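# Whatever this is, show me its structure:
(2 chains)
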Amino acid sequence: MKNQLKAVWQFFFGDSARAFGSVSLILLVLLAISPAKNHFSQWRHYQKQYLHLIRGRADAVTLERHFQGGIQQIWIPEQRVTDRCTTCHLGLKEASLADVSALAFRKHPVVPHSLTEFGCTTCHRGQGAATTVEEAHNSTEQWEQPLLPAKYIEAGCGQCHLEKPTATPFLNQGRDLISSNGCTHCHTIKRGDGTYILPDDDPPSLKHIADKTTREWIYAWIKDPQAYAGTATMPNYHLRDDDARDISAFVISQSTALQPPIQPGQTDTKPAEDPAAGTSLYGQSFCASCHAMQNAAGILVGGNVGPELTGIGTKAKPEWLQDWVANPNHYDPGTMMPHYRFDATQVATLAGFLESKTEPDLVANVHLDPATSPQIEHGKKLVVENGCASCHEINGIKKPENFAPELSRIGSKPLSQLLFVEGVEHTLPGYVAAKVRSPRAFGPSLKMPQFNLTPLQIDAITTALLAQTDRSQTQPPAMRIASVQQTKYEPAGHAGQLMGDLRCLTCHVINGHGGDMAPDLTWEGTAVQREWLTQFLKNPETLRPALIRRMPKFNLTDAEITTLADYMMTVYQTPQFDRDSLPVSEFSPAVVEQGRQLFYSKFACQSCHIADYAKDKGYIGPALAGTGKRFYAAWIYHWLQDPQSLRPGTIEPNQHMTDDEARSLTAFLMSLNATGSKEATKK
Amino acid sequence: MKRALLAICTLMLVTGGCSHKSKPQPASIQPIANGTAIVESSGGKQIGYIGMPLDQPVVVQVNGASGSGVAGAAVNFSGPTGVTFTPASALTDSSGQVTSTVSLGQQAGRYKIVASTPDASGKKLELPLDEIALGYQQTLGAQLNGQYCIRCHDPESTPLRVSNMDNLSVKPHPFTEGDTLNKISDADLIAIISHGGPALNKSAEMPPWGYTLSKSDIAALVSYIRAVADPPYESGGLVYAQK
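Got it, this is the predicted structure:
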């Protein structure tokens, strides 16, 4: 063996000439390694395949002319993009390659952004500078940001788009869910423009909770909120019986009596005799626009602005219900619920109706002994530990600051900083989704509670969270599409107070502030006539026959109506034109007739609007049978020419009509003088 | 070495063409019964989004000679690359049904998925089902459809969205109506949407949207209409997402 080795050594390095030759040979081989590696590299393989693919196609010449060999790079320094993806993905811009089966060479689907301006990794993530498949797409030891799975691709959009783009429903839904589930009571989420995602779930204050409900109900509720109402947003803390007992004891012990106190049950006022009166008052008041309630068939009917009322009689004390129905501001000055002006009988009727909506099973087996002071003390400890005061106002407990980790950059979190447990996919999206799905799976002692979310909602929230990347926070301002922020608009003066009391802005938007259930009233003073407005406030008629959510009747006094009408007619006027600039007297019968022709033939307005209850049926837009008594001609005229300029987002199409057409149509519409709604007309 | 191997594997998977299955076939479950037919119960022809699970699970039923469900028959789901099934194979329940949640692949288009069960002689009975995945452009179209078109073009009413179709003298075509809409060229569809029905001598009840929606919005609507057409729209472009 030793001799053999010696012989080999002698053969190669026996004398200086042999040694020189051998060393040169070794050097030559070493020098060849690098070019060989380059020659056999993966991307060259792809480029060869691509050339092979395009040569067989009809437009081979064009495609070959577009082809550039070698490493390709998109370099956008201000966005920190150095993407070599186009080295292999050669057909991204080739319209004719939309149908090739190899994903690598297919044309990029239509998106509003160009490759050259945005690169690839801005939206898709992955390692742009890499030149191997593995390193570019997957996470490696040195690179933890793999490609974003298709499921969460809208997270790429959300880095710059802080508004709600129409084409990204999941991102938008995720952001809405983060707000509506109150995630940001505990977690801070800062957007790239420095604003914050704010919660909009409005958890109730517990300062006077003993006036509203019983300790037994609180016990059952915090044990399992969804057992009381399937739609409840309060998450489940999986509390042990003892803990729920002690928390309920503490919360009740901290409750102080409302000032001025709630009057004990008013025995002198009886609900209306008719047993159906409660149901019909509930319907007439359009309670279901905001509140859901299970009907006899067990189907949930109604809106989700206020809490579900299926079991409200089990939850709320009768005297509290009466007090609340009479004036919600008394118990909660910050509520979104309007102050209906019910008379004593109506209050008793409606409260009686709500009282009858019970879920007795919920508290049937809850028997709590009077609380002891160690129990209350333990309850306090649990309330502090679980961060109850992050959401709820509780006497004697301060709202904790930064109770949960900030999530502003969760989408760029290094995997090494995350604690994975078994069964969770070892990727960032996998981690985030698992955490949202079932937080306690990461350890029974973790504080985050169990939310009530569907798989699609979990994916939507994950999408919104993955959009919170380093890039989203450090993007140059020019790259950002700012979020649409609600203004802080509040109507002023006496009328403003009245509008606040009626909570007009729960449903209507004015000057960029308010809800989205009812029409924007920003320019209402230019649009409608005072007499109509007065009448409408007194007794709202049906304007949109197909809608189930309608303006309720608030039982306003004449003085209140005058105040509101004065304010709206004076303040809510558009600067674009004067409402008196087009007097109706100018319209001749011939012009009216011309307008009628246009209405029914050229523009076929009857598809969506009713001008004549006897023959028109369209009910997408409001009925127009009473237009002459409702609107100013100038408003109609300008509206017809460009609806979106007066109410952004309205679905009425801009028909691009000529000035004459708009005038004739206005003349026709202003000639429609039917009073009241369809029902009224029929009578 | 390991990395190189891995890279080659990935390479083969990504480019390798059609002969390679990305996943090994799941171990088949031993059936305790066999059916004579496999039928769809629900979940076919759904409109979903790329990479996302479909809204409703796919439910198929294995029937015996008597035409009623057979319990304990093995059902296997398969589909093009990227489609996942939970579960991918299972035995039918007491009513002869198997329910599977389906997630679609990364490309927009139509996915043909197949549910199969062996009959008594071991022959595979197959049930092909179509599912649709919307990409970016089609999703935009779907959203705009929901905002502007659906009230007249969809005959279905819900409490919150009453269909206006019956109020129109000329009934609009639902967008799934491939028999009619597939014959209209892209240019004509764009013209009708932009300039209204009269642009093609059709009813004025279809208003012009070209002054309300942008060109790219209208292109997105067309791509959505093409994506949901039944029978499928087949002019150019990818109809079935390929393996």
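# For the chain, give me the ranges with low pLDDT.
You didn't pick a chain, so chain A it is. Chain A contains residues with pLDDT under 70 at A:265-270, A:272, A:675-683.
# you looked at the wrong chain, it should be chain B
Along chain B, segments meeting pLDDT under 70 span B:1-28, B:235-243.
# Show me which residues of the stretch 551-683 of chain A sit near chain B.
A:601-604, A:607-608, A:617-620, A:644, A:651, A:653-656 (CB under 8 Å from any CB of the partner chain). C-beta here means a position set from N, CA and C on the backbone, and glycine is covered the same way.
# Report the buried residues of stretch A:87-102.
Neighbour counts over stretch A:87-102 (16 or more other CB atoms under 10 Å in any protein chain shown) mark A:87, A:88, A:89, A:90, A:91, A:92, A:94, A:97, A:100, A:102 as buried.
# Please apply the same query to stretch A:197-205.
Buried-residue list, stretch A:197-205, by 16+ other CB under 10 Å: A:197, A:199, A:202, A:204, A:205.
# out of those, which are inside strands?
The members of those all map outside strands under DSSP state E.
# Up against chain B, what does the stretch 301-450 of chain A have?
Residues of the stretch 301-450 of chain A lying close to chain B by CB under 8 Å from any CB are residue A:301.
# For chain B, what's the nearest residue on chain A?
With CB to the nearest CB, the shortest gap between chain A and chain B falls at residue A:150, namely 2.9 Å.
# Distance check, that residue against residue B:144.
Between residue A:150 and residue B:144 the distance is 22 Å, computed by CB to CB, to the nearest Å.
# so who does residue 165 touch?
Since you didn't name a chain, this refers to chain A. Shown in contact with residue A:165 (CB atoms under 8 Å, 6 or more residues apart in numbering or on different chains): A:157, A:171, A:172, A:481.
# oops, chain B please
By CB under 8 Å, 6+ apart, the neighbours of residue B:165 are B:152, B:153, B:154, B:155, B:171, B:172.
# Ramachandran angles for it?
Dihedral pair for residue B:165: phi -60, psi -40, per degrees, to the nearest 10.
# if I look at it, how far off is chain A?
To chain A, residue B:165 is 10 Å away according to CB to the nearest CB, to the nearest Å.
# now, which of the contacts of residue B:165 lie within helices?
When the contacts of residue B:165 are checked against helices (DSSP state H), the matches are B:152, B:153.
# Pull out the buried members of the contacts of residue B:165.
B:152, B:153, B:154, B:172.
# Which of these sits closest to residue A:185?
Closest to residue A:185 out of the buried ones among the contacts of residue B:165 is residue B:154 (38.7 Å), distances taken as CB to CB.
# number of nearby residues for residue 48?
No chain specified, so I'll use chain A. For residue A:48, the neighbour count with other CB atoms under 10 Å in any protein chain shown is 11.
# think we crossed wires, I meant chain B
For residue B:48, using other CB under 10 Å, the count is 18.
# And residue A:641, by the same measure?
Neighbourhood size, residue A:641 [other CB under 10 Å]: 20.
# Could you say which helix or strand holds the residue nearest to the residue of chain A closest to chain B when sequence neighbours are not counted?
Spatial nearest neighbour of residue A:150, excluding adjacent residues (CB to CB, 6 or more residues apart in numbering or on different chains): residue B:51 at 2.9 Å. Residue B:51 is part of no helix or strand, with elements assigned from DSSP states H and E.
# who are the neighbours in contact with residue B:51?
Residue B:51 sits in contact with A:149, A:150, A:151, A:152, A:153, B:82, B:103, B:104, B:105, B:106, B:133, where contact means CB under 8 Å, 6+ apart.
# Would you mind listing the buried residues in the helix or strand containing the last one?
Going back to what we said before, that points to residue B:133. Assigned by DSSP H and E, residue B:133 belongs to strand B:124-134. Across strand B:124-134, burial judged by 16+ other CB under 10 Å covers B:125, B:127, B:129, B:131, B:132, B:133, B:134.
# Return the distance of the next helix or strand after that strand from the chain's centre.
Downstream of strand B:124-134, the next assigned helix or strand under DSSP H and E is helix B:136-144. Offset of helix B:136-144 from its chain centre (CA atoms, centre = their mean, to the nearest Å): 15 Å.
# Remind me what helix B:136-144 packs against, helices and strands.
Counting contacts by 3 or more CB pairs under 8 Å, 6 or more residues apart in numbering or on different chains; DSSP states H and E, helix B:136-144 packs against helix A:169-180, helix B:215-228.
# CA atoms only for the shortest one, dumped as PDB, please.
Translated: helix A:169-180. Provided in PDB are the C-alpha atoms of helix A:169-180 (Å, rounded to 0.1, in the frame of the first residue of the first chain):
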ATOM      1  CA  PRO A 169     -61.600  41.600  -1.400                       C
ATOM      2  CA  PHE A 170     -59.700  39.400   1.100                       C
ATOM      3  CA  LEU A 171     -57.300  42.100   2.100                       C
ATOM      4  CA  ASN A 172     -60.200  44.500   2.700                       C
ATOM      5  CA  GLN A 173     -62.200  41.900   4.500                       C
ATOM      6  CA  GLY A 174     -59.200  41.100   6.700                       C
ATOM      7  CA  ARG A 175     -58.700  44.700   7.600                       C
ATOM      8  CA  ASP A 176     -62.400  45.100   8.400                       C
ATOM      9  CA  LEU A 177     -62.300  41.900  10.500                       C
ATOM     10  CA  ILE A 178     -59.300  43.200  12.500                       C
ATOM     11  CA  SER A 179     -61.300  46.300  13.300                       C
ATOM     12  CA  SER A 180     -64.600  44.600  13.900                       C
END
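# and the residue lying closest to residue A:249 once chain neighbours are set aside, what does it touch?
Counting by CB to CB, 6+ apart, residue A:249 lies nearest to residue A:371, which is 3.3 Å off, once chain neighbours are set aside. For residue A:371, the contacting residues are A:215, A:245, A:246, A:249, A:250, A:252, A:253, A:379, by CB under 8 Å, 6+ apart.
# Could you do residue A:54 as well?
A:60, A:63, A:64, A:67, A:91, A:97.
# Which of these fall within helices?
Those of the contacts of residue A:54 lying in helices (DSSP H): A:60, A:63, A:64.
# Measure how buried the nearest residue to residue A:645 once chain neighbours are set aside is and give me the count.
Closest residue to residue A:645 apart from its sequence neighbours, by CB to CB, 6+ apart: residue A:576 at 7.3 Å. Using other CB under 10 Å, residue A:576 has 12 neighbouring residues.
# what comes up buried for stretch A:396-416?
For stretch A:396-416, using 16+ other CB under 10 Å, the buried residues are A:397, A:403, A:404, A:407, A:408, A:409, A:410, A:411, A:412, A:413.
# Which two of these have the greatest separation?
Largest separation among the buried residues of stretch A:396-416 by CB to CB: A:397 and A:412, giving 34.3 Å.
# Number of residues surrounding residue A:370?
7.
# Please report phi then psi for it.
phi -50, psi 140.
# Next, the residue in chain B positioned nearest to chain A: phi, psi?
Using CB to the nearest CB, residue B:51 is the residue of chain B that sits closest to chain A, at 2.9 Å. Backbone torsions of residue B:51, given as degrees, to the nearest 10, read phi 70, psi 0.
# Equivalent analysis for residue B:39, please.
The phi and psi values for residue B:39, taken as degrees, to the nearest 10, are phi -130, psi 160.
# and it, what does it touch?
Contact analysis of residue B:39 by CB under 8 Å, 6+ apart lists B:60, B:61, B:63, B:127.
# From residue A:494, how far off is it?
Computed as CB to CB, the residue B:39 to residue A:494 distance reads 69 Å.
# so which helix or strand takes in the residue lying closest to residue A:569 once chain neighbours are set aside?
With sequence-adjacent residues excluded and distances taken as CB to CB, 6+ apart, residue A:569 is closest to residue A:525, at 4.6 Å. Residue A:525 is part of helix A:524-527 when elements are defined by DSSP H and E.
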